[in-house]
Structure formats: structure tokens, C-alpha cells
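**Student:** sequence plus predicted model, see below.
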Amino acid sequence: YIRNTGLGDAGAMAIGRALRRNTSLQVLVLSKCGISCKGAKEIADGLHVNPNLRRINLDRNFIGDDGFHSILSGLQEPLTSVISISAGFNQ
């Protein structure tokens, strides 16, 4: 769980890269971390190849419609197993 930090897009980019390699993470909470559309796209790229992530929380960031659509497109890949996504109170 990473909450209420200045993680931002740079941190989201690192997490996106880690999602490509980490196969044990099941829950990813990045609420109120200052992530924008750019960071959401990097996370989405990691979702394409992560088979075990089950829940994602991106509440209270700045991902916007484009970032949310990127996340959704990442979930449409056959390898993903996400069953719950929360992205409330985003701008």
C-alpha cells in the first residue's frame, strides 16, 4: 500500500516496470500519490503482462479519462486477472 505520497509519475513509471517482472503482487494501492495520465499509462503497460494482480486502487490522483482508458485497455489483455479496480475522485 502506497498512500498519500509524492510518488508522482516517476514513481508510477517504476511501478509499471516492476509489474512486468513481479508475478507475486496481488493488490496494488496507489491512492493520493499525485499520479497523472502519464503515470497511469505506464502502470497500464505493466498490466499487459502481469498475470496475478487482482486489485488496483488509484483513488484520488489525477489520471483523468485518458489515463483511466489506458488502465482499462491494459486489463483487456488475456494475461490479466484483475477483478477489482477503484479510481474514484480523480481529476
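**Tutor:** Alright, I've got the coordinates.
**Student:** show me which positions of the helix ranked longest in the chain end up buried.
**Tutor:** Longest helix in the chain by number of residues, with DSSP state H as the criterion: helix 8-21. Residues of helix 8-21 classed as buried: 8-9, 11-13, 15-16, 19 (neighbour count, 16 or more other Cβ atoms under 10 Å). Placement of C-beta: from N, CA and C, glycine included.
**Student:** so how many other residues sit close to residue 5?
**Tutor:** For residue 5, the tally of surrounding residues (other Cβ atoms under 10 Å) stands at 12.
**Student:** quick check, it in a strand?
**Tutor:** No - per DSSP: H, G, I helix; E, B strand; the rest coil, residue 5 lies outside any strand segment and is coil.
**Student:** start the count at 36 instead of 1 going forward.
**Tutor:** Sounds good: first residue 36 from here, last item residue 40.
**Student:** now the nearest residue to it once chain neighbours are set aside: how far from residue 93?
**Tutor:** Nearest residue to residue 40, sequence neighbours excluded (Cβ to Cβ, 6 or more residues apart in numbering): residue 68, at 5.3 Å. Going from residue 68 to residue 93 by Cβ to Cβ, to the nearest Å gives 8 Å.
**Student:** now do residue 71 against residue 48, distance only.
**Tutor:** Per Cβ to Cβ, residue 71 is found 11 Å from residue 48.
**Student:** before we move on, what about residue 37?
**Tutor:** Separation of residue 37 from residue 48 (Cβ to Cβ) stands at 14 Å.
**Student:** also residue 73?
**Tutor:** Distance of residue 73 to residue 48, computed by Cβ to Cβ: 8 Å.
**Student:** columns pLDDT on top of the buried residues of helix 43-56, output as JSON lines?
**Tutor:** Output for those, formatted as JSON lines (pLDDT from 0 to 100):
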{"residue": "43", "pLDDT": "96"}
{"residue": "44", "pLDDT": "97"}
{"residue": "46", "pLDDT": "96"}
{"residue": "47", "pLDDT": "96"}
{"residue": "48", "pLDDT": "96"}
{"residue": "50", "pLDDT": "95"}
{"residue": "51", "pLDDT": "94"}
{"residue": "54", "pLDDT": "92"}
